[in-house]
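Q: please find the sequence and the predicted model below.
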Amino acid sequence: MNDRIVRATAANGGIRLVAVLTTESSLEAKKRHRLSYLTTSILGRAFSASLLLASSMKIMHGRVTLRVRSDGPIKGLIVDAGRDGKVRGYVGNPDLELDLIKTNSNRFSFNFKKALGTGYLNIIRDNGFGEPFTSTVELVNGNIAEDLASYLYHSEQTPSAVFIGEKIKNKNVICSGGLLAQVLPKKDTDPLLVSLLEERCKEINSFSEDLFQSKDNLLALIKNIFPDIDDNLISEKARTQEVSFECKCSKERSLNAIRMLDKSELEDILKQEGKAELVCEFCKNKYMISFAEIKAMIEN
């Protein structure tokens, strides 16, 4: 099944629920960036987090940028996600692998905290008009879910529960995704809704396992927490949306980047290389700028 987002509400519209599947997007990133299993999981989690945030934006060209700056061996990451379901991103150290650690539930897990280290999570919301809204919080433990929940609590003062996870089996990523449950801003003073959200979310013992067992059925995943969702409060068109790894780079953008160089720099490129190759950090697409194209820039 293709990656997608599913939206729902519960408690008479008082609680917003969003689930996202990022399995194919994570696998595409793994192939393009030659990611390890650890960095595939981390980037997939960042994909899910960014798409969950972008899902609430009012306009389709709205975008969310999620950036981690830290002292961990992953050397940071950046993800760009749109309300349109398009996502892209990369990590600083794509082939990083660390020993697994045993959790309190006697299972083995990736060492996300060691991979990301200490640092900051920076979120930029761009609605396409005016100045983008930027907020920064300290990393909690590097598993992205708790870091995102911390951001929502401190920066948006919104009671929220965030679950993000993945399942790796036989050396393959077989599912990756996330779920966001929020008490809506107009309802956040209602202590009963906050209590309801807390009680329902306590029933989740392993989100990664629940995601796997749902077999890509995101609505079933939502109903596992809130069986009494309000189907009629969200339009059919807004309930579900496709998600995909897609980059905005192009040959024209590469040409524009080269045009920003000084004439002397362009002449040095012609003298030393005779051409230029630009590689997009987000998707690893390569764009060749020929001798004739560079020469035309110099002459103009």
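A: Nice, I can see it. The shown structure was predicted, so the numbers you read here are calculated from the model rather than taken from an experiment.
Q: use CA for all of it now, contacts and neighbours both
A: Noted.
Q: helices of the stretch 101-250 of the chain, start to end?
A: Here the stretch 101-250 of the chain has its helices, by DSSP state H, counting those that start in this stretch, at 112-116, 145-155, 191-201, 207-213, 218-225, 236-239.
Q: next up, the contacts around Val68.
A: Gly76, Leu77, Ile78, Gly119, Tyr120, Leu121, Asn122 (C-alpha atoms under 8 Å, 6 or more residues apart in numbering).
Q: what's the most distant pair in the residues you listed?
A: Using C-alpha to C-alpha, the pair of those lying farthest apart is Ile78 and Gly119, separated by 13.7 Å.
Q: between these two, which has more neighbouring residues?
A: Ile78 (21 against 18; other C-alpha atoms under 10 Å).
Q: quickly find the element holding that one.
A: In the assignment (DSSP states H and E), Ile78 maps to strand 77-82.
Q: pick out the residue nearest the middle of the protein.
A: Most central in the chain under C-alpha atoms, centre = their mean is Phe47, positioned 2.0 Å from the mean C-alpha point.
Q: if I pick that one, what's in contact with it?
A: Applying C-alpha under 8 Å, 6+ apart to Phe47 gives the contacts Thr22, Ser26, Val79, Ala81, Val87, Arg88, Gly89.
Q: distance of the first one relative to Leu261?
A: For Thr22, the distance to Leu261 equals 38 Å [C-alpha to C-alpha, to the nearest Å].
Q: hmm, back to that, could you dump the contacts of Phe47 into CSV with secondary structure, neighbour count and pLDDT added?
A: Below are the contacts of Phe47 laid out as CSV (DSSP: H, G, I helix; E, B strand; the rest coil; neighbours: other C-alpha atoms under 10 Å; pLDDT from 0 to 100):
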residue, secondary structure, neighbour count, pLDDT
Thr22, coil, 27, 97
Ser26, helix, 33, 96
Val79, strand, 24, 98
Ala81, strand, 31, 97
Val87, strand, 29, 98
Arg88, strand, 26, 97
Gly89, strand, 25, 97
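Q: among those residues, which one lies nearest to Ser244?
A: The closest of those to Ser244 turns out to be Val87 (C-alpha to C-alpha; 6.3 Å).
Q: which residue, other than its chain neighbours, is closest to that closest one?
A: The shortest distance from Val87 to any non-neighbouring residue, by C-alpha to C-alpha, 6 or more residues apart in numbering, is to Ala81 (4.3 Å).
Q: low-confidence ranges in this structure?
A: Low-confidence segments of the chain (pLDDT under 70): 1, 186-189, 231-238.
Q: quick check: the gap between Leu116 and Thr22.
A: Taking C-alpha to C-alpha, one finds Leu116 at 21 Å from Thr22.
Q: ditto for Phe129
A: For Phe129, the distance to Thr22 - C-alpha to C-alpha - is 28 Å.
Q: part of a strand, is Pro73?
A: No - under DSSP: H, G, I helix; E, B strand; the rest coil, Pro73 sits outside any strand and is assigned coil.
Q: ok, for it, nearest residue in space, not its chain neighbours?
A: Ala115 (5.6 Å).
Q: residues contacting that neighbour?
A: Contacts of Ala115 (C-alpha under 8 Å, 6+ apart): Gly72, Pro73, Ile74, Leu98, Gly142.
Q: same question, Ser208
A: The contact partners of Ser208, by C-alpha under 8 Å, 6+ apart, come to Ile164, Gly165, Glu166, Lys167, Ser176.
Q: hmm, which two among those residues are most spread apart?
A: Ile164 and Lys167 (10.8 Å).
Q: overlap in contacts, these two.
A: With contacts taken as C-alpha under 8 Å, 6+ apart, Ile164 and Lys167 have Ser176, Ser208 as neighbours in common.
Q: the two - which one has more neighbours?
A: Neighbours per residue, other C-alpha under 10 Å: of Ile164 and Lys167, the larger number sits with Ile164, 26 against 17.
Q: right, and the more buried one touches Leu43 too?
A: No - contact criterion C-alpha atoms under 8 Å: Ile164 and Leu43 do not qualify, at 11.4 Å.
Q: how about residues contacting stretch 95-104?
A: Contacts of stretch 95-104 (C-alpha under 8 Å, 6+ apart): 34-39, 73-74, 108-111, 115.
Q: I am finished for the moment; much appreciated.
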